[in-house]
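1. Below are the sequence and a predicted model; questions follow.
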Amino acid sequence: MGQTLKALLQTRWGDDWLIGPSSQEFWQRLDELVPVFTAYKESCGSHSPAVLIAEPDPLQFLATCLAAWAEGCTVVLANPCWGDRERQQLQALVNPKWDAPISPGIKSYPCQVVESQPGQILIPTGGSSGQIKFAVHSWDTLSVSIEGFQTHFGVEAVQSYCVLPLFHVSGLMQVLRVLASGGCLALQPYSDLREGKRAALPNGGFLSLVPTQLQDLLAFGGEFIPWLQSFRAVLLGGAPAWRSLLDQAQVAQIPVALTYGMTETAAQVATLLPEEFLAGQRSSGRPLPHVNLTILNDQGQPQRSGQAGQVIIQAKSLALGYRGSSSKKGSSVVGSARPTGEEPFATDDIGYLDDEGYLYIVGRSSTKIITGGENVFPEEIEAALLATDWVSDACVVGLPCDRWGQKLCALVVMDPLMPLKDLPEQLRSLLTAYKLPKQWILVSSLPRTAQGKLSRPQALAHAQKILGMDC
């Protein structure tokens, strides 16, 4: 891409690039904030200037984040809805000065990021585990991802419709793709979209959703269907999508693009093209041009096509390291201190590549349940439950059990007209016997993160509270 972020903002200065918020107001705020962060950087002397941003207003978030980042500050993104527990973790990680905002009325605070480099951005991840950590990126790593996206879809100017959180990689990358490519960004709270308020993005744009959001919009029907059909692609990620939802989207001719990626990889590393989805494909697609994927077995040897194993990613969009959780501060995600993408990133995901290079994700190593000596991935059982059409949401957890080691327990949200006692019978033709849950709990909803991911620790705690720990 060549340009620095600062040069890019100068190139696009004054452009009417925002739909919803005022572009003019954005540029005005950016103009006011640049000297604020320049002065803050100078006041830090030999210390690396770092800024934590916990700003709920989207326009203010964009202006604050881009001004601080372009001026060479290390930017730390935070969820403005985090409570006391998360703030305590932040205090230990980056020591923000909550009582001394950098600019009055703006939720940006001085903080400390040890051994950070100018212009790094720390993006939160690990929210579903309850332990905050940050993936450390730079403008260079994110730019590689932007270029890969443009090439994969064959587009120059990216038009995006964003209803996802801007502090999360799924929202942030939409902003950066638009800025870097000369496109327009429609920015809107998802709650407004649900109420039928839709911005006027040029046809051929990209909409990013998590599966529960797509489920909502399809259920609303009416004008939402032709609106969804109008996009170049409806990018679907953040959590596994169930077969019945995808089949419903195909019948409605929604141009879904199933994606696979994470904060550590600057969003997508594999994406199914909409035309492939509408033809009946259900994989996570082929790798983007900047990505090399391999599948390794337990001995670290490459697997043949069709054989499942650990998904290994090699790409120059990989994060430079982690901060927080159990990771060492300053340690590298990719096993090397060199941010060159030359070292592979061993993910927690289990999957396989077919003969044509399409990626299929089976489950996650960390969610694997061992019951009666058999390895079970809860994602497979959840997909089978959702495929019955009796269940609208499901989570399978492993309860401690003296007999089986772990006992499969399914928490389900289902049609009240369908008897829970008859649900196991619906699964017998879909799953082998040892994958059938031995315990069933009917719930009204399941705990999910803002990105639509199941919070398995919370679901397990809920099941244990209802059932106790007895086997």
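-> Ah, there it is.

2. could you pull out the helices for the stretch 101-250 of the chain?
-> Residue ranges of the helices in the stretch 101-250 of the chain, as given by DSSP state H, counting those that start in this stretch, are 139-153, 169-181, 190-194, 211-220, 224-229, 243-251.

3. among the ones you listed, which is nearest Leu77?
-> The closest of the helices of the stretch 101-250 of the chain to Leu77 is helix 169-181. By Cβ to Cβ, the value is 7.4 Å. (Glycine included, C-beta is placed from N, CA and C.)

4. where does the residue nearest to Leu278 when sequence neighbours are not counted land on pLDDT?
-> With Cβ to Cβ, 6 or more residues apart in numbering as the measure, Gln250 is the residue that lies nearest to Leu278, at 6.0 Å, once sequence neighbours are left out. Gln250 is assigned 98 on the pLDDT scale.

5. Contact partners for Gln250?
-> For Gln250, the residues meeting the contact criterion (Cβ atoms under 8 Å, 6 or more residues apart in numbering) are Val256, Phe277, Leu278, Gly280.

6. what about it, distance to Arg304?
-> Taken as Cβ to Cβ, to the nearest Å, the spacing of Gln250 relative to Arg304 amounts to 30 Å.

7. In PyMOL, how would I select just the buried ones from the contacts of Gln250?
-> Applying 16 or more other Cβ atoms under 10 Å to the contacts of Gln250, the buried members can be selected in PyMOL as follows:
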select buried, resi 256+277
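
8. Run a quick neighbour tally on the closest residue in space to Gly351 that isn't next to it in sequence.
-> Spatial nearest neighbour of Gly351, excluding adjacent residues (Cβ to Cβ, 6+ apart): Ile361 at 4.3 Å. Other residues near Ile361 come to 20 when the count uses other Cβ atoms under 10 Å.

9. does Ile361 sit in a helix, a strand or a coil?
-> Three-state secondary structure (criterion: DSSP: H, G, I helix; E, B strand; the rest coil) places Ile361 in strand.

10. so who does it touch?
-> Shown in contact with Ile361 (Cβ under 8 Å, 6+ apart): Pro240, Tyr260, Ser284, Val311, Asp349, Ile350, Gly351, Glu379.

11. low pLDDT regions in the stretch 301-450 of the chain?
-> Applying pLDDT under 70 to the stretch 301-450 of the chain flags residues 325-342, 450.

12. mind redoing it with 80?
-> With pLDDT under 80 as the threshold, the stretch 301-450 of the chain has low-confidence stretches at 324-342, 402, 449-450.

13. Could you dump the contacts of Gln250 into JSON lines with distance to Ala78, secondary structure and pLDDT added?
-> What follows is those, written out as JSON lines (distance: Cβ to Cβ, whole Å; DSSP: H, G, I helix; E, B strand; the rest coil; pLDDT from 0 to 100):
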{"residue": "Val256", "distance to Ala78": "31", "secondary structure": "strand", "pLDDT": "98"}
{"residue": "Phe277", "distance to Ala78": "34", "secondary structure": "helix", "pLDDT": "98"}
{"residue": "Leu278", "distance to Ala78": "39", "secondary structure": "helix", "pLDDT": "98"}
{"residue": "Gly280", "distance to Ala78": "41", "secondary structure": "coil", "pLDDT": "96"}
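
14. and Leu93, what are its phi and psi?
-> phi -80, psi -50 (degrees, to the nearest 10).

15. Look up how far Gln458 lies from the residue lying closest to it once chain neighbours are set aside.
-> Closest residue to Leu93 apart from its sequence neighbours, by Cβ to Cβ, 6+ apart: Gly324 at 4.8 Å. From Gly324 across to Gln458, the span is 20 Å (Cβ to Cβ).

16. which outside residues touch stretch 289-304?
-> Where contact means Cβ under 8 Å, 6+ apart, the residues beyond stretch 289-304 that reach it are 144-145, 147-148, 151-152, 265, 269-270, 287, 307-317, 344, 346, 351-353, 359.

17. try it again with 6 Å
-> Residues outside stretch 289-304 that contact it (Cβ atoms under 6 Å, 6 or more residues apart in numbering) are Val144, Gly148, Thr151, Val269, Pro287, Gly309, Gln310, Ile312, Gln314, Ala315, Tyr352, Leu353.

18. can you pull the buried residues of it?
-> With burial defined by 16+ other Cβ under 10 Å, the residues of stretch 289-304 counted as buried are His290, Val291, Leu293, Ile295, Gln303.

19. Please produce JSON lines containing those residues, extended by distance to Glu71.
-> Formatted as JSON lines, the buried residues of stretch 289-304 follow (distance: Cβ to Cβ, whole Å):
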{"residue": "His290", "distance to Glu71": "28"}
{"residue": "Val291", "distance to Glu71": "31"}
{"residue": "Leu293", "distance to Glu71": "36"}
{"residue": "Ile295", "distance to Glu71": "42"}
{"residue": "Gln303", "distance to Glu71": "46"}
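
20. In helices, which of the residues you listed fall?
-> When DSSP state H is applied, these are split such that none fall in helices.

21. For the one helix or strand Glu32 maps to, name the packing helices and strands.
-> Assignment of secondary structure by DSSP states H and E places Glu32 within helix 23-43. Secondary structure elements in contact with helix 23-43, counted by 3 or more Cβ pairs under 6 Å, 6 or more residues apart in numbering; DSSP states H and E, are helix 58-70.

22. and the protein, what are its domains?
-> Per automatic domain parsing, the structural domains of the chain span 5-118, 140-365, 368-467.

23. Tabulate these in TSV, adding columns for distance to Pro124.
-> Converted to TSV, these look like this (distance: least, Cβ to Cβ, whole Å):
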stretch	distance to Pro124
domain 5-118	6
domain 140-365	7
domain 368-467	11
